[in-house]
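**Q** quick check, what structure comes out for this input:
(one chain, ligands or ions: 2)
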Amino acid sequence: KVQNVVQQSGDVRDFYTFDKQLGKGNFGIVHLVFDKKTNEKFACKSISKRKLVTPEDVEDVKREIQIMNHLAGHKHVVNIRGTYEDKNFIHIVMELCSGGELFDRIAEAGHFSERRAAEVMRTIVSVVHHCHTMNVVHRDLKPENFLLTERGPNGVIKATDFGLSRFFKEGTQLDEIVGSPFYVAPEVLKRSYGKEADIWSCGVILYILLCGWPPFHGDSTQAIFKNILSAPLDLKSDPWPRISPDAKDCVRRMLARDPRKRLTADQVLNHPWMRENGAATDEAF
Ligand code: ADP
Ligand code: MG
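**A** Ligands and ions are numbered 1, 2, ... in the order given. From the prediction side, this is the model:
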């Protein structure tokens, strides 16, 4: 039993009606659910206990729930509402995001205008700032893990999937290679890293927002890793000549290979290009 973490007693189906499937990940299936009392909509991630083979797997789920509770209340973090456990599943009921993944919105648009990219990036980095202030490293920042509350211009971005997140102590280093190939920081590949790795991933997201493809790619995971470690950052090929020097400066400083030289979340938010009413313009190309 996932003790001390699952808070609600009783069967999840006594409180919620399950509707269509919204998504699927490595561990969980996410369904639309309705609160039986109020008829409000929520999302419920159901993690099959059959997939929790090792004690580490169980620890991971506990930690995911703990971290969601720890970060709750931030406008741009998916809010957790309750957790339930039955014979076969652990259920995490959370705020519903009906607008899909940021990933799909980028794919649809190809890339974003500088103004829109800066706006999205401010939100993403404000979440990262919140995580880091609360002593959490996310470790899996990518456009698939940012959801929108609704389609269209009123959609609010919410960070989700804290399945790989960890609590950290300032000054200590993590050593597991985790994350998603395109977004992994070079020091993660060298097995000694801290919260700066999250900023690298944000830099990759910003690069993609501006031009439509990742800064370091390749035909295999190994090829991607090799490029992350040593290929020059391309800010010259089309469409980069049409992107402002301030935007490029911000990308370059977020993708500094030396984590000590990389901007912190706070510094990104205060970069001239990123600041509200800052240098980012609406000139699309
Ligand atoms: P995993 O840890 O298994 O990757 P995620 O938490 O990323 O699981 O959820 C898997 C997918 O389910 C997401 O990519 C998304 O499409 C969908 N999903 C997750 N949470 C929500 C939510 N709160 N509202 C709507 N859809 C969601
Ligand atoms: Mg996921």
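**Q** quick check: residues of the protein near ligand 1?
**A** Neighbours of ligand 1 within the chain, by Cβ under 6 Å from any ligand atom: 22-28, 30, 43, 45, 78, 94-97, 101, 144, 147, 160-161, 163. All C-beta atoms are positioned from the backbone trio N, CA, C, and that covers glycine.
**Q** over to the one residue in the stretch 151-285 of the chain that gets nearest to ligand 2: give its phi and psi.
**A** Closest to ligand 2 within the stretch 151-285 of the chain is residue 161: 3.9 Å, counting by Cβ to the ion. When read as degrees, to the nearest 10, the backbone of residue 161 gives phi 60, psi 80.
**Q** return the helix or strand in this structure with minimum mean pLDDT.
**A** Across the helices and strands of the chain, mean confidence by mean pLDDT, DSSP states H and E is lowest for helix 102-109: a mean of 90.
**Q** what packs against the next helix or strand after that one?
**A** Per DSSP states H and E, the first helix or strand lying C-terminal to helix 102-109 is helix 114-133. Packed against helix 114-133, as judged by 3 or more Cβ pairs under 8 Å, 6 or more residues apart in numbering; DSSP states H and E, are the following elements: strand 157-159, helix 196-211, helix 245-254, helix 265-269.
**Q** quick check: mean pLDDT of whatever helix or strand comes next after the first one?
**A** Downstream of strand 157-159, the next assigned helix or strand under DSSP H and E is strand 166-167. Predicted confidence along strand 166-167 averages 96 (mean pLDDT).
**Q** do stretch 15-26 as well
**A** Mean per-residue pLDDT for stretch 15-26: 93.
**Q** now do stretch 204-214
**A** Mean pLDDT, stretch 204-214: 97.
**Q** for that stretch, give me every contacting residue.
**A** Counting contacts by Cβ atoms under 8 Å, 6 or more residues apart in numbering, the residues outside stretch 204-214 that touch it are 106, 110-112, 114, 116-117, 120-121, 124, 141-143, 182-183, 215-216, 239-240, 243, 247, 250-251, 254-255.
**Q** same thing but at 6 Å, please
**A** 110, 111, 112, 117, 121, 182, 183, 215, 239, 243, 251 (Cβ atoms under 6 Å, 6 or more residues apart in numbering).
**Q** any idea which of the residues you listed is closest to ligand 1?
**A** residue 183 (14.1 Å; Cβ to the nearest ligand atom).
**Q** that closest one and residue 139: what is the separation?
**A** 10 Å (Cβ to Cβ, to the nearest Å).
**Q** returning to what we had before: which among the contacts of stretch 204-214 count as buried?
**A** Buried by 16 or more other Cβ atoms under 10 Å: 111, 112, 117, 121, 182, 183, 215, 243, 251, out of these.
**Q** if we ignore the residues flanking it in sequence, what's nearest the third one?
**A** Taking Cβ to Cβ, 6 or more residues apart in numbering, and ignoring the residues beside it in sequence, residue 117 has residue 209 as its nearest neighbour in space, at 4.0 Å.
**Q** so what's the residue count around the one you found?
**A** Residue 209 has 25 neighbouring residues, counting by other Cβ atoms under 10 Å.
**Q** what does residue 133 give?
**A** 11.
**Q** and if you look at the one 4 residues further on?
**A** Taking other Cβ under 10 Å as the criterion, the count of residues near residue 137 is 22.
**Q** which strand residues bridge it?
**A** For residue 137, the beta-bridge partners are residue 166 (DSSP bridges).
**Q** so what's it up against?
**A** By Cβ under 6 Å, 6+ apart, residue 137 lies in contact with 166, 168, 195, 198.
**Q** next one: residue 271
**A** The neighbourhood of residue 271, defined by Cβ under 6 Å, 6+ apart, consists of residue 250.
**Q** what is the mean pLDDT for stretch 67-84?
**A** Mean pLDDT, computed over stretch 67-84, is 96.
**Q** give me the number of neighbouring residues for residue 42.
**A** With neighbours defined by other Cβ under 10 Å, the count for residue 42 comes to 17.
**Q** before we move on, what SS does it have?
**A** Of the three states, residue 42 takes strand according to DSSP: H, G, I helix; E, B strand; the rest coil.
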